[in-house]
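In: requesting a structural model of the entry that follows:
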Amino acid sequence: MSGWLHLHDRVSLQQGNALSLPFSNGSFSAAYMLHVGMNVTDKSALFGEIARVLRPGARFAIYDVMLTGDGELSYPHPWAGTSATNAIASSVHYRNALNTAGFEVVSERDRRDVALEYFARQRSQLAAAGAATLGVHTLMGAPGPPPPRSPSSAQGCT
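Out: Next comes the predicted model:
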């Protein structure tokens, strides 16, 4: 991808395990995590490893899908086909794991309504235009019928 954008001389990609990052202690002055946590069961180990590679006082931002209520989730999801492959957790669980790793949570925003509005707009545009040429289905395959939603198990992004 960086080659397509003529950034190959400015971008370095490194493959690794989020629970054992291939970087030295204090390698980074900032980090962010985008839709990662719902794939990693051990949030304490995840945040501990991120804390290890960050310099003291570095900022760390998270944008992730989190549980917003009690109840069972319907499957499949883009990140998990069944509950056995899902590591979604509540924002309270994230805060506790972050605190354990030595982070101080200084700001938090619930983006549930924004996410729900976005997906409603996507469904509406898709229905009006017909099948989309590009989208998540390009990578993940065509989805089955949408699962029924339970109001008590709604999801959102924080």
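
In: now do the same contact list for the residue nearest the centre of the chain.
Out: Against the mean C-alpha coordinate of the chain, by Cα atoms, centre = their mean, the closest residue is H35 at 1.2 Å. Counting by Cβ atoms under 8 Å, 6 or more residues apart in numbering, H35 makes contact with Y63, D64, V65, W79. In this view, the C-beta of every residue, glycine as well, is placed from N, C-alpha and C.

In: roughly how far apart are the last one and N39?
Out: The span separating W79 from N39 equals 6 Å under the rule Cβ to Cβ, to the nearest Å.

In: with the first one instead?
Out: Computed as Cβ to Cβ, the Y63 to N39 distance reads 14 Å.

In: which of the contacts of H35 count as buried?
Out: The neighbour count (16 or more other Cβ atoms under 10 Å) marks D64, V65, W79 as buried among the contacts of H35.

In: from those residues, which is closest to R109?
Out: Checking the buried ones among the contacts of H35 against R109 by Cβ to Cβ gives D64 as the nearest, at 12.0 Å.

In: spatially nearest residue to that closest one (excluding sequence neighbours)?
Out: Distances taken as Cβ to Cβ, 6 or more residues apart in numbering place G37 nearest to D64, at 4.3 Å, with adjacent residues excluded.

In: tally up the residues packed near the one you found, please.
Out: Using other Cβ atoms under 10 Å, G37 has 25 neighbouring residues.

In: using CSV, list the CA coordinates for the longest helix along the chain.
Out: Longest helix of the chain, by residue count under DSSP state H: helix 112-129. Output of helix 112-129 as CSV, limited to C-alpha atoms (Å, rounded to 0.1, in the frame of the first residue of the first chain):
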residue,chain,number,x,y,z
ARG,A,112,-21.8,4.2,19.9
ASP,A,113,-24.4,6.5,18.4
VAL,A,114,-21.9,7.8,15.8
ALA,A,115,-21.1,4.2,14.8
LEU,A,116,-24.7,3.1,14.6
GLU,A,117,-25.6,6.2,12.4
TYR,A,118,-22.6,5.5,10.2
PHE,A,119,-23.7,1.8,9.6
ALA,A,120,-27.3,2.9,9.1
ARG,A,121,-26.1,5.4,6.4
GLN,A,122,-24.0,2.7,4.8
ARG,A,123,-26.9,0.2,4.6
SER,A,124,-29.2,2.9,3.2
GLN,A,125,-26.6,3.9,0.5
LEU,A,126,-26.0,0.3,-0.4
ALA,A,127,-29.7,-0.4,-0.7
ALA,A,128,-30.1,2.7,-3.0
ALA,A,129,-27.1,1.9,-5.2
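
In: cheers, nothing more for now.
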